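*Asks:* Build me a model:
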Amino acid sequence: MAKAPPPAEPIEPGPRHAERLVGHDAALAAFHAAWRGGRLHHAWLIGGPAGIGKATLAFRIARWVLAGGPGTDASLALPPSHPAFRKVAIGSHPDLAVLERNENAKTGRMRTEIVVDDVRTLASFLRLTPAESDWRVAIVDPADDLNREAANALLKILEEPPPRALLLLVAHAPGRLLPTIRSRCRRLTLRPLAEGEVAALLDTLAPDVPPAERRAAAAIARGSVGRALTLAGEGASALKRALQEVIDRLPEVDPVAAHALADSLGRPGAEEEFALFMELLRDAVAARARAAATGGADRIAALRPLEEWGAVWENLGRLARMTAGLTLDRKQAVLSALSALRPGAVPDIP
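*Replies:* Numbering: from 1, shown residues only. Alright, predicted model coming up:
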C-alpha cells in the first residue's frame, strides 16, 4: 500500500499573512486621514524597534491601498478572503514589490545588505502602469539594510516619484538613514507594545508554549512580539539557563563550560541560536550597567564601573554584527564574548 503524503506545511505566520495589528492605532489613523483627505504622501517611513509590527503595518497599508481603500474604517483591515489579501499573502500581487535582502546568485548565500541593482529594478517596477489596482506599492524591509549605493538610488526615486506610486520604508533605526531620505518621507513612529499586548499575542501565536514560558517571554521582550516569539521558542530556555550559570560564576569563567557552549553555538545550522545568545548576553550586560548606574545591590554589577559595562555592551553588539555579516567563526566569537565578562576584559573583535 502506498504511503499517504505528509500533511502540507502550514504557512509560517508573518507580516504578509497577519490579520491583526496590535497597539498602533495612531499610525493607522494618520495614514487613513491622509488618504481620505487626498493628501497621500508618496513615501512613508515606518520606524521603531525590531519586532513591534512595522512590517505588519506596511503590508496592512499595502493591501488596503491595492484594494482601493475600501470603506471608512481607520483600521485598514481587509478580510483574509479578499483577493488583495490573498495575493499579497502569497506574493503574487502584480502591483506590489517587496525590496529586501536576497540570495547572492554567485555565492548561494544570503546577502548582508540590499544592493543597488535591486533598487534599480524597483525603480523600473514603479514606473509601470498598475496592472490590477490604481497604485504601485513598494515595501523596503528594512531600509536599514540598504548599502550606500542602494540608498542613493532609492533617494533618486524619492526625489522624482512616479505617479500613483507609494513607497513604504520600514526602519529599525531611522536616524541612521540618509538625512535626505528621511526628509522626503512622512514619518510613522511606532512604540514598543505593552507587556499585556505582547502576552495576548503570544497566546494566539504560540499556543503550544507553556503559559509560564509565554508570560516570562513577554516580560523580557521589551515590547517586541518578534523577540517574544524567539524567547518563547524551543531552545531559548536552555540558552537562558546556560547564560545564567555563566553570569552566576563571575568573576570567573569556567573554561570547560565556555567551550561546551561555544561548540554548541558554533555548529552548522546554529546561526539563530547564536544570534539569540548574543542578544541575551547583551541584555544581561545592560541589566548590570543599569544596576551600576543606580547603585543597586547587584554583586555582578559591582565587579566593574558603569563605563566598562557600557563598553562591553557596545563591543558585544559589534562582535555579533561582524560575526553574522562576515560569516566569522561563531565558536571563537562566543569564547571572546564570554571572556569579555571578566573584569577589565573587552571582546576580541576580529
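*Asks:* And the helices in the stretch 101-250 of the chain, which stretches?
*Replies:* Applying DSSP state H, counting those that start in this stretch to the stretch 101-250 of the chain gives helices spanning 116-127, 148-159, 179-182, 195-205, 211-219, 225-232, 236-249.
*Asks:* Quickly compare those helices and say which is most buried.
*Replies:* Among these, ranked by average contacts under mean count of other Cβ atoms under 10 Å, first place goes to helix 225-232 (a mean of 23). For glycine as for every other residue, the C-beta is placed from the backbone atoms N, C-alpha and C.
*Asks:* Scan this protein for its longest helix.
*Replies:* Ranked by residue count under DSSP state H, the longest helix found in the chain is helix 271-294.
*Asks:* I'd like the mean pLDDT over the following helix or strand past it, please.
*Replies:* Remark: after helix 271-294, the chain's next helix or strand is helix 306-325, criterion DSSP states H and E. For helix 306-325, the mean pLDDT works out to 90.
*Asks:* Stretch 96-109 now?
*Replies:* 92.
*Asks:* ok, the nearest residue to Ala302 once chain neighbours are set aside - how many residues close by?
*Replies:* Nearest residue to Ala302 in three dimensions, chain neighbours excluded: Ala292, at 7.4 Å (Cβ to Cβ, 6 or more residues apart in numbering). Per other Cβ atoms under 10 Å, the neighbour tally for Ala292 reads 21.
*Asks:* And Arg318, by the same measure?
*Replies:* For Arg318, the count of nearby residues is 11 (other Cβ under 10 Å).
*Asks:* what sits against Leu40?
*Replies:* Ala34, Leu166 (Cβ atoms under 8 Å, 6 or more residues apart in numbering).
*Asks:* right, so of the helices of the stretch 101-250 of the chain, which gets closest to His82?
*Replies:* Evaluated with Cβ to Cβ, these place helix 195-205 nearest to His82, the distance being 20.8 Å.
*Asks:* if we can go back for a sec, put together TSV for the helices of the stretch 101-250 of the chain, with distance to Leu78 and mean pLDDT on each row.
*Replies:* Converted to TSV, the helices of the stretch 101-250 of the chain look like this (distance: least, Cβ to Cβ, whole Å; pLDDT from 0 to 100):
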stretch	distance to Leu78	mean pLDDT
helix 116-127	22	97
helix 148-159	27	98
helix 179-182	29	98
helix 195-205	19	92
helix 211-219	28	87
helix 225-232	21	86
helix 236-249	33	87
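*Asks:* Take these and lay them out in a markdown table including distance to Ile61.
*Replies:* Putting the helices of the stretch 101-250 of the chain into a markdown table (distance: least, Cβ to Cβ, whole Å) gives the following:
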| stretch | distance to Ile61 |
| --- | --- |
| helix 116-127 | 16 |
| helix 148-159 | 17 |
| helix 179-182 | 19 |
| helix 195-205 | 20 |
| helix 211-219 | 26 |
| helix 225-232 | 18 |
| helix 236-249 | 32 |
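*Asks:* quick one: which of those helices is nearest Ala275?
*Replies:* Across the helices of the stretch 101-250 of the chain, closest to Ala275 is helix 225-232 (Cβ to Cβ), at 8.7 Å.
*Asks:* for the closest residue to Arg288 other than its chain neighbours, what are its contacts?
*Replies:* In space, Arg288 comes closest to Ala301 once its chain neighbours are excluded; the distance is 4.2 Å by Cβ to Cβ, 6+ apart. By Cβ under 8 Å, 6+ apart, the contact set of Ala301 is Ala287, Arg288, Ala289, Ala291, Ala292, Trp309.
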